[in-house]
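Asker: 3D, please:
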Amino acid sequence: MNQHLLAQVRNPARYVGGEMHVIQKDKQSLKARIAFCFPEPYEIGMSYLGLQILYHVMNQRDDVWCERAFAPWVDMEVLLRETQTPLWTLESGDALHEFDMIAFTLQYELSYTNVLNMLSLGGVELLREKRDGLKHIVIAGGPCAYNPEPMSDFIDIFVVGEGEEVNGKLIDLYVDCKDGDKSKAAFLQKAAQIEGVYVPSLYDVGYNDDGTIAYITPKLGAPERVRKAIVQDLDAMPYPTKQLVPSCEVVHDRAMVELFRGCGRGCRFCAAGHTNRPLRYKSPQTLQQQGIDCLKHTGAEEISMISLSTSDYPHLDELCDGLLEYCQPRHISLSLPSLRADSFSLSLMQKVQATRKSGLTFAPEAGTARLRQVINKNLTEESLQNACGMAFSGGWTNVKLYFMMGLPTETDEDIDAIHGVAWRVFDTWRNSTPNKARAAKIGVSVSCFVPKPHTPFQWEAQETIESFQAKQAQLRNGMKKMVSYHWHDAEVSVLEGVLARGDRRLGRVIYRAWQDGCRLDSWSEFFDIKKWQKVFADEGLDTAFYAHRTRAKDEIFPWAHIDVGVTQAHLWRELEAAYNGEQSIDCLQGCMNCGVAGCRNEYSRPPVEVGK
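Answerer: All right, here's what the predicted structure looks like:
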């Protein structure tokens, strides 16, 4: 561990490791060493439940040691380069170039340059075609792997879908190939046969004269389409109750239990809701035991129920009652994020406030009922105001409302309606609170809509930076003083849109942007849109082609060979329904025949008839 560097950087605890429940192993007994890299600083990465899960699952093997590395802050990067010290893992202090496999989780497109930066700092060749042999196999997974193409120049293997079981199969194959002195090419060809594994070097991509994709052709036996991996039985899957306890303050410092995976709501803008199907629930008995064990082992003062839509868990009351029996006497807070206003009840409110009140967050997403129908957000303003009224009458004063702007079919009236909704929430507080001496804190946060792959809006154009900024000014001018207003950076959102639906040609853009100093792009103090715009121009690529262009129905998408289960026919039907102002039922009401295999949702009714 490079102790001499730690005294020279801000927050050295980011780099020392040694946390409670950290795993140490004897290097001599290992057949594979894996560096699990999170391409954001420690405080972000250690708040991510997926890191805890995969770290735990891989380290259950005696022959494998999975260690962690995080993107260094700028002060540490300067020191690493000045002293020619390679980036190290927290467990052993060894450099990344000493590892067999370097695995990244791609949670956000703006972290792509951080991936390159970490490889460079770790002494690993960036371009996959220049990495020979079975050393330094670079793997990536996470939400961004559902369109892997922009990073395909750098990644040997993408894990598409849920990694718990796929990672084990990959490691078994790697160990066999390493013991058998096989080539990297042989390993990759065999890896491509594992469900959920995408090997970009085994696919040729061609382009039409207009820049659209002409073909995506597999070779050497690779599958035509790569089907995502899923875990069917979450109760049977190992879960880390001895979670790593961060050595410094992190974004989400709490114990976590995962209620279920998937979401049946069918919001047309939501990638997670479409790529994570089908719905799979854990039993309340499993969750209660896991939650209590997590609290015992970590000493956390808060436990959070994690899912895409927590209040949709069918046994939530039973689970909360069981956990509160343990939490209340110990003054442990029970946190229920991702609540929906239309399922927020008095009984649920009483459970949340049984320990201590935190702020409540609701996501209407759009200001008018018309636009909520377009995006299939089945939420009425009456439900929102009722939920807020219950909260205010129960003593809450802090409510945050999340909206989006730039949604398909949006008008100026839809934008103006956002501050109307916020003002009516404030009015609800005035009419409901038992204590007007405590001022209400009504916050409005408005993000810029980014069309994402594998959603009904994947064909849609994204608005320009100038359009977003004009709408932000419009909303700012109309917002009442009693409501705080925050908005996302339009420049960042448009670049996110470019990278989200990008193709392989963006690899050279990402590489050049990194060479020109782009890194930590999700942090406002470092993001520089002018650098990115210059690189696009220098490479002869147009951001408008990727962000601001409506796609034809039959256009081949860069992610066309990635199979998340939901069919293109279903997504197109949903796009047509959006423009017709039609709402679709969700998985809790019935089945829309979206195409996902293995859907065993016991809480839904039989399929409904839908048009072709």
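Asker: quick one: low-confidence parts of this structure?
Answerer: By pLDDT under 70, the low-scoring segments of the chain are 1, 346, 352-358, 598-612.
Asker: domain map for it?
Answerer: 3-227, 255-505+541-547 (automatic domain parsing).
Asker: just send the ones you listed back as a markdown table, with distance to residue 568 too.
Answerer: (C-beta placed from N, C-alpha, C; glycine too.) Below are the domains of the chain laid out as a markdown table (distance: least, C-beta to C-beta, whole Å):
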| stretch | distance to residue 568 |
| --- | --- |
| domain 3-227 | 11 |
| domain 255-505+541-547 | 9 |
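Asker: quick check: which of the ones you listed is nearest to residue 572?
Answerer: Taking C-beta to C-beta, domain 255-505+541-547 is the member of the domains of the chain nearest to residue 572, at 7.5 Å.
Asker: how distant is the closest one from the center of its chain?
Answerer: 14 Å (C-alpha atoms, centre = their mean, to the nearest Å).
Asker: how about stretch 114-125?
Answerer: For stretch 114-125 - counting by C-alpha atoms, centre = their mean - the centre lies 22 Å from the chain centre.
Asker: can you show me the CA trace of it as PDB?
Answerer: C-alpha atoms of stretch 114-125 as PDB (Å, rounded to 0.1, in the frame of the first residue of the first chain):
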ATOM      1  CA  ASN A 114     -13.100   6.800 -16.200                       C
ATOM      2  CA  VAL A 115     -12.900   3.100 -17.400                       C
ATOM      3  CA  LEU A 116     -10.100   4.100 -19.800                       C
ATOM      4  CA  ASN A 117      -8.400   6.200 -17.100                       C
ATOM      5  CA  MET A 118      -8.400   3.400 -14.600                       C
ATOM      6  CA  LEU A 119      -7.000   0.900 -17.100                       C
ATOM      7  CA  SER A 120      -4.300   3.400 -18.000                       C
ATOM      8  CA  LEU A 121      -3.400   4.100 -14.400                       C
ATOM      9  CA  GLY A 122      -3.400   0.400 -13.600                       C
ATOM     10  CA  GLY A 123      -0.900  -0.300 -16.400                       C
ATOM     11  CA  VAL A 124      -3.300  -2.200 -18.600                       C
ATOM     12  CA  GLU A 125      -3.500  -1.800 -22.400                       C
END
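Asker: start to end distance for stretch 254-268?
Answerer: Across stretch 254-268, the terminal residues are separated by 31 Å (C-alpha to C-alpha, to the nearest Å).
Asker: adjust the sequence numbering to begin at 605 for everything that follows.
Answerer: OK, 605 is where the count begins now, so the last one is stretch 858-872.
Asker: for whichever strand or helix holds residue 819, packing partners?
Answerer: Residue 819 is located in strand 817-822, with elements delineated by DSSP states H and E. Applying 3 or more C-beta pairs under 8 Å, 6 or more residues apart in numbering; DSSP states H and E, we find strand 817-822 packed against strand 807-811.
Asker: list of residues touching the strand it packs on?
Answerer: 753, 817-823, 826, 1107-1109, 1162, 1165 (C-beta atoms under 8 Å, 6 or more residues apart in numbering).
Asker: do stretch 850-862 as well
Answerer: 615, 617-618, 620-623, 646-648, 650-651, 653, 656-657, 838, 843, 847, 886, 891, 894-895, 898-899, 902, 904-911, 939.
Asker: which of these fall within strands?
Answerer: Assigned to strands by DSSP state E, the following of those qualify: 906, 907, 908, 909, 910, 939.
Asker: residues near the first one, how many?
Answerer: If I follow you right, that is residue 906. As a burial measure, residue 906 scores 18 neighbours (other C-beta atoms under 10 Å).
Asker: again, but for the third one
Answerer: Applying other C-beta under 10 Å, we find 20 other residues in the vicinity of residue 908.
Asker: find the nearest non-adjacent residue to it, please.
Answerer: Counting by C-beta to C-beta, 6 or more residues apart in numbering, residue 908 lies nearest to residue 939, which is 4.1 Å off, once chain neighbours are set aside.
Asker: is it correct that that neighbour is in contact with residue 906?
Answerer: Yes. Using C-beta atoms under 8 Å, residue 939 is in contact with residue 906, at 5.6 Å.
Asker: could you work out the end-to-end span of stretch 1110-1130 for me?
Answerer: Stretch 1110-1130 end-to-end distance (C-alpha to C-alpha) = 21 Å.
Asker: in it, what's buried?
Answerer: 1110-1111, 1113-1118, 1122-1126 (16 or more other C-beta atoms under 10 Å).
Asker: and which of the residues you listed is nearest to residue 1158?
Answerer: Closest to residue 1158, out of all of the buried residues of stretch 1110-1130 and judged by C-beta to C-beta, is residue 1110, at 22.5 Å.
Asker: mind checking how far the closest one is from residue 1149?
Answerer: 11 Å (C-beta to C-beta, to the nearest Å).
Asker: could you report the neighbour count for residue 1092?
Answerer: 18.
Asker: kindly apply the preceding question to residue 694 instead.
Answerer: 20.
Asker: rewinding a little: need the max-distance pair from the ones in strands among the contacts of stretch 850-862.
Answerer: Applying C-beta to C-beta across the ones in strands among the contacts of stretch 850-862, the maximum distance is between 906 and 910, 12.3 Å.
Asker: run me through the strand neighbours of the host helix or strand of residue 967, direction for each.
Answerer: In the assignment (DSSP H and E), residue 967 maps to strand 964-969. Applying DSSP bridges to the sheet, strand 964-969 is found paired with strand 1002-1009 (parallel).
Asker: where do the strands of the stretch 655-804 of the chain begin and end?
Answerer: 668-674, 705-709, 741-745, 761-763, 801-802 (DSSP state E, counting those that start in this stretch).
Asker: of all those, which lies closest to residue 725?
Answerer: Using C-beta to C-beta, these put strand 668-674 closest to residue 725, at 9.3 Å.
Asker: the nearest residue to residue 1174 once chain neighbours are set aside: neighbouring residues, count only.
Answerer: Distances taken as C-beta to C-beta, 6+ apart put residue 1198 closest to residue 1174, at 4.4 Å, once the chain neighbours are dropped. For residue 1198, the neighbour count with other C-beta under 10 Å is 22.
Asker: dump the residue contacts of residue 1198.
Answerer: With C-beta under 8 Å, 6+ apart, residue 1198 has these contacts: 878, 881, 1169, 1170, 1171, 1174.
Asker: now the farthest one out in the protein, which residue is it?
Answerer: residue 1041 (39.4 Å; C-alpha atoms, centre = their mean).
Asker: and stretch 1134-1150, how far out from the chain middle?
Answerer: 26 Å.
Asker: for the closest residue to residue 718 other than its chain neighbours, grab phi and psi.
Answerer: Nearest residue to residue 718, sequence neighbours excluded (C-beta to C-beta, 6+ apart): residue 643, at 3.8 Å. In terms of degrees, to the nearest 10, the main-chain angles of residue 643 are phi -80, psi 40.
Asker: what about residue 643, how many neighbours?
Answerer: For residue 643, using other C-beta under 10 Å, the count is 29.
Asker: check contacts around the closest residue to residue 886 other than its chain neighbours.
Answerer: In this structure, residue 886 finds its nearest non-sequential neighbour in residue 838, 4.8 Å apart by C-beta to C-beta, 6+ apart. Contact analysis of residue 838 by C-beta under 8 Å, 6+ apart lists 862, 864, 865, 884, 885, 886, 890.
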